[in-house]
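> I need the structure of the sequence given here:
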Amino acid sequence: MSTPHRDLSGFTGAGYDVGRGKLTQILWLVSSGSLFMRWWCPARVRVTILRAFGADVGRGVLVRHRVRIHWPWKLVIGDHSWVGEGAWILNLEPVTIGRDVCVSQEALLCTGSHDRRSRTFEFDNAPITLEDESWIAARAVVLRGVTIGARATVGAGAVVTKDVPAGGLLLAQARGPR
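Next comes the predicted model:
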């Protein structure tokens with residue numbers, strides 16, 4: 001099957017629902033850029049800000065500085081979970097993080113993509129779920145539609161395109177000398 005020629009001028013974003021009005025979106029973007037991501041903003045204040053914008057955040061959650069969250073109202077974080085410095089939660093669709101989950105430094109959770117078969121490159125988004133006690137190690141990438149099972153580990157630098165079963169381990173591809 002061949003890929004059609006692209007005509008990005010016809011992109012509509014059909015089917016994508018931001019979930020909040022323009023004013024809330026603007027307030028979030030201003031708050032996240034001016035306060036939420038800053039190193040001097042205490043972790044408790046970050047959690048309070050997330051809750052104020054509609055995130056469902058459990059007890060004892062730690063969100064470090066420089067964490068980017070696209071839409072907090074599409075985020076659930078269970079009790080005692082950690083989101084490491086520089087992590088990016090690009091949640092065009094819901095992201096659910098269970099309890100006692102560690103999302104390490106500079107990890108990317110990306111619920112958004114595009115349909116390569118669409119002439120206008122329309123969205124092909126899907127939610128992400130990280131089940132209880134899972135660990136997404138530094139600079140790992142979890143892509144749309146993936147569930148990471150309970151107690152599973154995604155190694156540093158790994159790219160996850162399919163579900164990882166409970167207790168599973170996914171490591172980055174080894175790259176030897178060229």
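> And the contacts of stretch 78-87?
Stretch 78-87 is contacted from outside by 58-68, 77, 89, 97-109, 132, 138, using C-beta atoms under 8 Å, 6 or more residues apart in numbering. From N, CA and C alone the C-beta is placed, and that goes for glycine too.
> so where's the protein uncertain?
Scanning the chain for pLDDT under 70 picks out the ranges 1-3, 174-178.
> what about Ile26, how many neighbours?
By other C-beta atoms under 10 Å, 10 other residues sit near Ile26.
> Sorry, slip of the keys, the one I care about is Gly21.
9.
> give me phi/psi at it?
Dihedral angles of Gly21 (phi, psi; degrees, to the nearest 10) stand at phi -70, psi 170.
> What distance do you get for it to Thr111?
In this view, Gly21 and Thr111 are 20 Å apart by C-beta to C-beta, to the nearest Å.
> likewise Asp79?
Using C-beta to C-beta, one obtains 22 Å as the distance from Asp79 to Thr111.
> quick one, which of these two is more surrounded?
Thr111 (23 against 14).
> Quick one: residues contacting that one.
Counted by C-beta under 8 Å, 6+ apart, Thr111 has contacts 90-95, 125-128, 144.
> at 10 Å instead, please
Contact partners of Thr111, counting by C-beta atoms under 10 Å, 6 or more residues apart in numbering, are 70-71, 74, 89-95, 125-128, 142-146.
> any idea how far it lies from Trp39?
In terms of C-beta to C-beta, Thr111 sits 27 Å off from Trp39.
> thought His65 was touching Trp39?
Yes. Using C-beta atoms under 10 Å, His65 is in contact with Trp39, at 4.3 Å.
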